[in-house]
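J.: the following comprises the amino acid sequence and a computationally predicted model.
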Amino acid sequence: MRTGEPLPAVGQVLAALATGLWHWSTATGQVTVDAEAARLLGLPAQPTTLTEARVRARLHPVDWNEITGVIQLAVAEGTLAEVRIRVMDDRGRIIRVVRSRSKPTFDREKRAYELIGTLQEVTEPAPGTPAGRRAVTGDWRRSREAFLLDAGRALAEARSTEEVLRVAAGLSMPGFSPDGLAVFGVDGDRLTIIGHHGQQDGDEGPFTQMAVDTDYPAAEVVRSGRAVYLSSPEQYKERYPLTWPLAQHFGRRSWAFLPLVVAGRTMGAWMAAFSYPVAFTPDERSVLTTVARMLAQALSRAGVAESERELTDGLQRSMLPTLIPRIPGMSVAARYIPTGGGLQVGGDWYDMIPLPSGRFALVIGDVQGHDVRAAGLMGQLRTALRAYASEGHRPDAVLSRASRFLHGISVAADDDLADLRFATCLYVEADPATGALDIARAGHPDPAIRMADGTVLKRHTAGGLPLGIDPDADYPTTRVHLEPGETLLICTDGLIETGGHDLDTGWLRIHTTLEEHKGDLEELADALVQAVHGPTSYYTTGPLVDRREDDIALLLLSREDGDGGPGATVAARPPVRRTMMTVAQAEPERIGVARQQLRELLHDWATPDQVDSAVLLLSEMLTNVLVHTDTDALFSAEVLGEPGDRRLRVEVTDASDDLPHKRRPGELASSGRGLMLVELLADAWGVDPRGEGKSTWVELAERYDPPDP
């Protein structure tokens, strides 16, 4: 070529150098090759587009597995990916060795690799020689580092022995990969097979319970703690003539037996067997040794974790009761989900206790802490609660005695007052005949009720300190009536806070599940657990606390309506919903709770202004009782009718005979306008004298405001 003439095309230059071009996109799964690259792959010499599966069929399987690691490392380092590949024909014979050089890129949106590279034939060293086994890749050390990083990450993430063995079976080592694996353990003076891969089921029989002093490579590794490398069948037969017949029929050509050492103790052996000769160069031995160390650590961690999980689950579940199989007119469902991992033995529990009166009690609680001591205290406290309840004590007396009991055993068990344990608890005494629920609460989350039409209310109940803090604490009782078709939920804070939620955001999540569920009681229990443990529950974590795991215990109690079968939450929902609570003279702050409860009752009311009016009227009536009488106020609200034609009735009852009177306050008066507001805002109102006391009531008819023009 003379100076000044144009340069030949790139394709012409590459063709003259017997170098082919190829393009691979993992997004489409297609590989495009020019004529020379097609020829080097053993295909007709013409440009073509191939699928990944067809290209993979032309390459040695070891080399294909190795390509992925080299590409990932090249992308991470921003360098070229260089690899030597053995091309095979349709019969699996190697026809040539080619070298590929490419510049890979990674598309984060498509999560796919894009590669453009070259192929060029190279001379392959003789198989089995050090030169031939130095590396199939162009850069052994980079390929080895990529493999070890991936293997270490995969083994570290394995949580069980089964997962560890599955990861070990899928390892593709740089330049050489075993097609047979076995992991040996030690039980006394015998070898055991923990797991194997690449052999048929039952092939492990002769090696199971083999004596450690047997003339067998794995036994020698366990005895000496040193690796054994056998590069050929002749070497195996010469060194272990007695056990060679056991290995002969597998048809392997090379073997590596390496010790599995943890904390200086040989816990077993790992066998890697190859169907082709392996020289076991220093680099190859280094890789095998590193994998054996990681495998030993992974198996040790998995074994400890499995033992802890078995101990935790066994201890926890042995303390959980069985539910009463059948309660006339009512159904019960329960769930317990232990915390994940390690000796995180929780103190959550639930119980169902038949009472001498013919009623039954539901108990749920949570002992402080996640350890063996918490589980032990939980078992003792559950037994004490069952004993006190079986004696016929009322809910407040049961919790008072239980608090004194827990305080006593905590002080006796530990002189360090800073380590005293407490427990939250909710005790419900239920009457199946009437649906009456007497509830006593010790620092536990309030219960919730799902009404017959799907409306969900959190029932604010009176309560005392958690059990074990004050041996003389009092626990007031709140009575709630469970109407036909309604369902009571009591749970531990694990159900509310799992996934990083606080009590407020967690309750909103549970509220949604309760309100939208349409199935029976057992399905509702599963739905509540799935809502906090399902794959989507961790995408929207709470804003105030870190994500954490806790035990979950929940109980559902449903009162069946006339048409409902066992476990049915509701069959034909009546168009009525009601709520009731007491506001004591000494608890004016409960006016706010009553207002919130009324808002929840009117969650689907058509006109927000009417909801505000109803809340204001309730505040006026309750405040009037607390200010102008010396009695407590009983608030009740009821919604009757179908949506669009509903009527709200709110009553406030007190024990005073003094009737309210209209007043004409001056401009500067600070009171006296309550009845004026009632007349202005209510559709109807009145005061009904009772035998003792009176009842003040207001009614509002649902109306729809026309949309703005």
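T.: Structure received.
J.: strands along the stretch 601-709 of the chain, start to end?
T.: Taking DSSP state E, counting those that start in this stretch as the criterion, the stretch 601-709 of the chain carries its strands at 633-640, 647-654, 684-689, 694-701.
J.: same list, those, but as TSV with mean neighbour count and distance to R108 please.
T.: In this view, the C-beta of every residue, glycine as well, is placed from N, C-alpha and C. TSV is the format used below for the strands of the stretch 601-709 of the chain (neighbours: other Cβ atoms under 10 Å; distance: least, Cβ to Cβ, whole Å):
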stretch	mean neighbour count	distance to R108
strand 633-640	20	53
strand 647-654	21	55
strand 684-689	12	65
strand 694-701	20	57
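J.: nearest to R223, out of those?
T.: strand 633-640 (80.6 Å; Cβ to Cβ).
J.: quick check: which ranges of the stretch 451-600 of the chain have low pLDDT?
T.: By pLDDT under 70, the weakly predicted segments of the stretch 451-600 of the chain are 500, 534-549, 562-576.
J.: rerun at 90
T.: 451-463, 468-473, 478-485, 493-513, 515-520, 526, 529-553, 560-594, 596-597, 599-600 (pLDDT under 90).
J.: centre-most residue in the protein?
T.: With distances taken as Cα atoms, centre = their mean, H533 lies nearest the centre of the chain, 4.2 Å away.
J.: show me the contacts for that one.
T.: Neighbour list for H533: 337, 498, 552 [criterion: Cβ atoms under 8 Å, 6 or more residues apart in numbering].
J.: next, count neighbours for the residue nearest to G674 when sequence neighbours are not counted.
T.: Of all residues not flanking G674 in the chain, E620 sits nearest, at 4.4 Å (Cβ to Cβ, 6 or more residues apart in numbering). By the criterion of other Cβ atoms under 10 Å, E620 has 19 neighbours.
J.: picking that back up, among the strands of the stretch 601-709 of the chain, which is nearest G519?
T.: With respect to G519, and counting by Cβ to Cβ, the nearest of these is strand 633-640 at 24.7 Å.
J.: then the closest one to CSV, C-alphas only?
T.: Extracted in CSV, the C-alpha atoms of strand 633-640 (Å, rounded to 0.1, in the frame of the first residue of the first chain):
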residue,chain,number,x,y,z
ALA,A,633,-71.0,9.5,81.0
LEU,A,634,-71.9,6.5,78.9
PHE,A,635,-71.6,7.3,75.2
SER,A,636,-73.3,5.1,72.5
ALA,A,637,-73.6,5.7,68.8
GLU,A,638,-75.6,3.7,66.2
VAL,A,639,-75.9,3.9,62.4
LEU,A,640,-79.1,2.4,61.0
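J.: give the other helices and strands that it contacts.
T.: strand 576-583, helix 590-601, helix 608-628, strand 647-654 (3 or more Cβ pairs under 8 Å, 6 or more residues apart in numbering; DSSP states H and E).
J.: quick one, the second one and strand 576-583 angle?
T.: Okay, so that is helix 590-601. Angle of helix 590-601 versus strand 576-583, following axes from the mean of the first three to the mean of the last three Cα atoms, to 10 degrees, is 170 degrees.
J.: likewise for the third one?
T.: With the same axes, to 10 degrees as the basis, helix 608-628 and strand 576-583 are set at 30 degrees to each other.
J.: got a list of contacts for helix 608-628?
T.: By Cβ under 8 Å, 6+ apart, the surrounding residues in contact with helix 608-628 are 583, 585, 588, 591, 594-595, 598-599, 602, 605, 631-633, 635, 637, 648, 650, 652, 654, 656, 658, 660, 671, 674, 677-678, 681-682, 696, 698, 700, 702-703, 705.
J.: picking up where we left off before, could I get the contacts of H533 as JSON lines with distance to Y427, neighbour count and secondary structure?
T.: As requested, the contacts of H533 are arranged in JSON lines below (distance: Cβ to Cβ, whole Å; neighbours: other Cβ atoms under 10 Å; DSSP: H, G, I helix; E, B strand; the rest coil):
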{"residue": "I337", "distance to Y427": "22", "neighbour count": "19", "secondary structure": "strand"}
{"residue": "T498", "distance to Y427": "24", "neighbour count": "25", "secondary structure": "coil"}
{"residue": "I552", "distance to Y427": "19", "neighbour count": "24", "secondary structure": "strand"}
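J.: of these, which is the nearest to W255?
T.: I337 (45.8 Å).
J.: out of the helices and strands packed on strand 633-640, the one nearest A296 is which?
T.: Distance to A296, taken as Cβ to Cβ, is lowest for helix 590-601 among those, at 57.5 Å.
J.: buried residues in that closest one?
T.: 590-591, 593-595, 597-598, 601 (16 or more other Cβ atoms under 10 Å).
J.: what's the angle from it to strand 647-654?
T.: Here helix 590-601 points in a direction 160 degrees away from that of strand 647-654 (the same axes, to 10 degrees).
J.: quick one: helix 590-601 to strand 633-640, angle?
T.: Here helix 590-601 points in a direction 10 degrees away from that of strand 633-640 (the same axes, to 10 degrees).
J.: what packs against helix 590-601?
T.: strand 456-458, strand 576-583, helix 608-628, strand 633-640.
J.: next, format the helices and strands packed on strand 633-640 as a markdown table and append distance to I67.
T.: Below are these laid out as a markdown table (distance: least, Cβ to Cβ, whole Å):
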| stretch | distance to I67 |
| --- | --- |
| strand 576-583 | 65 |
| helix 590-601 | 61 |
| helix 608-628 | 64 |
| strand 647-654 | 72 |
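J.: helix, strand or coil: sort out Q200 for me.
T.: Using DSSP: H, G, I helix; E, B strand; the rest coil, the structure places Q200 in coil.
J.: what about it, neighbour count?
T.: Other residues lying near Q200 total 8 when counted by other Cβ under 10 Å.
J.: that older thread, pick out whichever of the contacts of H533 sits closest to H517.
T.: Nearest to H517 out of those is I552 (Cβ to Cβ; 17.0 Å).
J.: give me the neighbour count for E587.
T.: Neighbourhood size, E587 [other Cβ under 10 Å]: 13.
J.: now swap in G674 and tell me
T.: 21.
J.: what's the answer for D474, then?
T.: Using other Cβ under 10 Å, D474 is surrounded by 13 other residues.
J.: check contacts around the residue nearest to R590 when sequence neighbours are not counted.
T.: Nearest non-adjacent residue to R590, counting by Cβ to Cβ, 6+ apart: V583, 4.6 Å away. By Cβ under 8 Å, 6+ apart, the residues touching V583 are 590-591, 594, 622, 625-626, 632-635.
J.: was I right about T118 contacting A18?
T.: No - applying Cβ atoms under 8 Å, one finds T118 not in contact with A18, separated by 10.6 Å.
J.: tell me which of these two has more neighbours.
T.: Neighbours of T118 and A18, each counted by other Cβ under 10 Å, are more numerous for T118; the result is 17 against 12.
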